[in-house]
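Take this sequence and fold it.
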Amino acid sequence: EIGRATFSGIDAGNARVHMHVDLDGLQIDRLTIGDIGGGSFSAAGRIETKGNVPRGSFAVDLETTKVAAIATIAEKVVPERIASAVRILEQVGRAKLHGTLDVAGDDKTPATGARIAVTGTLDELRLDAQARLSGDWQSRSISVVEMNATVDATAGSLVKFAKLDEVVASGNGPAQLKASLKGPVDGDLTFDVQVAGEGLAAKLTGRGKAPATDRIQGDALVEVREAHLKPPRPGPVATGPGQLPFRLSSRVALAAGALTFDDIDAKLGASTIHGRFRIDDASPRRVEGALDANVADGRSLLAIAIGLPQSVKDGPGWSWSSEPFSPGLFGRFAGEIAFRLGRVELLPNVNGRDLRGTVRFGGDSIALDSAGELAGGKLAGTVTFRNVQDGLDAYVKISLAGADAAALFSGAARPPVTGLLSLSLEGEATGMS
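A predicted model of the protein is given here:
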């Protein structure tokens, strides 16, 4: 019996062990820890070691309200190639799991086979997972793995576990995630992940590698057949019609910490989007790409970028919120993205057409260069925003040539001006809202 001990900074107490070791192997009649990481742990089983390879089985039970503490211990003992998977558990609060390990082999070869099964709950998630491992006992290596897992929960719980709850709208109806992984550990592993539930339907299939001394890499096809995104602008949360239906098909590649989306075919609300996009895991994240959309809400895109809160206003027209700017996208990204927009709303009832340009992210600045058509005229402009201590600095330089003046006031019953309009505008502004 052990009253109190510390393992990797985690206090454990009330431990009891009753075991027997002989030439034939290890027998654990009872191993219990009444207090470890805010929970309890128990194990029992027998492993025979008298042959070329071990044989036997173990059963383990774990219940804790501090999963992050247990995950911290696990990260230090598991191979680096799966440590990132263990880190996912750090966001879980409580767990109640039952696991079994069965090891089999023969006395003629060092080949070993193991079966692992884990069932239980992680917060609101119900887990049922099985894995088969094949390897060589003498070299202490695993050569082939086959894993299948099912997670049942509400759609909202799955979205939250994936850390997508700030972007993806979801309900409380039932949902299920199924995942499979198969192949040689040091070669190409094939995987299949599917999510289905209330308002959710997505699939990810492909192959990848998890080198022992390098970063995970792989290629896959992602398909989002049904999802709804939350209104992107900060401010009052909309529901129902305010949510944007979303669908996506794209080839995805992961290499050197960078995620690349090619052959993008997406539908977001009324917009159809095609192109490519790349983002890495640096700080700030470096982005690059080229996107083409048939229609876009220019005012909302600008508001997202600079952190302009959504104002509460009834009726048509453009309203400007008096709330302070939020951080927006400043400091989060670096790089540039080329774009082409078939039709984009620039002002209430005023749309630009065939707008082409580049948006550049650089530290505390966001710059936009673009050219296109507005009211039948040629539009060109540069807009730069800088995040400063006192709020936001803006620099604007715009030129418009040969535009139909009446079309710029199309919302009026009788346009106040007619004819062709050409102008140039350059200015600077500073403000906190």
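
Quick check: phi and psi on Gln389?
Main-chain torsions, Gln389, degrees, to the nearest 10: phi -60, psi -30.

So what touches the helix or strand hosting Gly99?
Assigned by DSSP states H and E, Gly99 belongs to strand 95-105. The contact list for strand 95-105 (CB atoms under 8 Å, 6 or more residues apart in numbering) reads 39, 45, 47, 51-64, 67, 70, 89, 111-123, 127, 137. The way it works is simple: take the backbone N, C-alpha and C, and place the C-beta from them, glycine included.

Provide the contact partners of the helix or strand following it at residue level.
Moving toward the C-terminus from strand 95-105, the next helix or strand (DSSP H and E) is strand 111-122. Outside strand 111-122, the residues that touch it by CB under 8 Å, 6+ apart are 53-54, 67, 89, 92, 94-105, 126-137, 161.

list the buried ones in strand 111-122?
Buried residues in strand 111-122, counted by 16 or more other CB atoms under 10 Å: 111-114, 116, 118, 120-122.

Just flag the most distant two among those residues.
Pairwise distances among the buried residues of strand 111-122 were taken by CB to CB; the largest, 35.0 Å, belongs to Ala111 and Thr121.

Filter the contacts of strand 111-122 down to the buried ones.
Using 16+ other CB under 10 Å as the burial test, those include 53-54, 67, 89, 92, 95-97, 99, 101-103, 105, 127, 129, 131, 133, 135, 137, 161 as buried.

what angle sits between the strand holding Gly99 and strand 111-122?
Compare the direction of strand 95-105 with that of strand 111-122 by axes from the mean of the first three to the mean of the last three CA atoms, to 10 degrees and you get 170 degrees.

Run me through the strand neighbours of strand 95-105, direction for each.
Strand pairing for strand 95-105, determined by DSSP bridges: strand 55-64 (antiparallel), strand 111-122 (antiparallel).

right, and these - which one's nearest Val193?
Closest among the strands paired with strand 95-105, using CB to CB: strand 111-122, at 16.9 Å.

average pLDDT for the closest one?
For strand 111-122, the mean per-residue pLDDT is 90.

Beyond that strand, next helix or strand please.
strand 125-136.

And that next one, what does it pack against?
For strand 125-136, the packing partners by 3 or more CB pairs under 8 Å, 6 or more residues apart in numbering; DSSP states H and E come out as strand 111-122, strand 141-154, helix 155-161.

Need the strands paired with strand 95-105 in JSON lines (columns: distance to Ile279).
Output for the strands paired with strand 95-105, formatted as JSON lines (distance: least, CB to CB, whole Å):
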{"stretch": "strand 55-64", "distance to Ile279": "35"}
{"stretch": "strand 111-122", "distance to Ile279": "28"}
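
Now do the phi/psi pair for Arg299.
With angles defined as degrees, to the nearest 10, Arg299 shows backbone torsions of phi -70, psi -40.

wait, I meant Glu226
Dihedral pair for Glu226: phi -150, psi 130, per degrees, to the nearest 10.

So it sits against Ala201, correct?
Yes. If you go by CB atoms under 8 Å, Glu226 and Ala201 touch, sitting 4.1 Å apart.

Common neighbours of these two, please.
By CB under 8 Å, 6+ apart, Glu226 and Ala201 have no common neighbours.

And for the nearest residue to Thr49 once chain neighbours are set aside, the neighbour number?
Distances taken as CB to CB, 6 or more residues apart in numbering put Gly25 closest to Thr49, at 4.5 Å, once the chain neighbours are dropped. By other CB atoms under 10 Å, 16 other residues sit near Gly25.

now the helices: where do they sit in the stretch 251-400 of the chain?
Ranges of helices within the stretch 251-400 of the chain are 298-306, based on DSSP state H, counting those that start in this stretch.

so which of the helices and strands packed on strand 125-136 comes closest to Lys267?
Using CB to CB, the nearest of these to Lys267 is helix 155-161, at 19.4 Å.

ok, residues contacting the closest one?
Contacts for helix 155-161 (CB under 8 Å, 6+ apart): 91-92, 122-125, 151, 153, 165, 168, 170-175, 177, 195, 197-200.

again, only using 7 Å
The contact list for helix 155-161 (CB atoms under 7 Å, 6 or more residues apart in numbering) reads 124-125, 165, 168, 170-173, 175, 177, 195, 197-200.

Pick the one among the residues you listed closest to Glu345.
Val168 (24.7 Å).

related to what we said a few turns ago, just the buried residues from the contacts of helix 155-161, in PyMOL please.
Here is the PyMOL command that selects the buried residues among the contacts of helix 155-161 (16+ other CB under 10 Å):
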select buried, resi 125+168+170+175+177+195+197+199+200
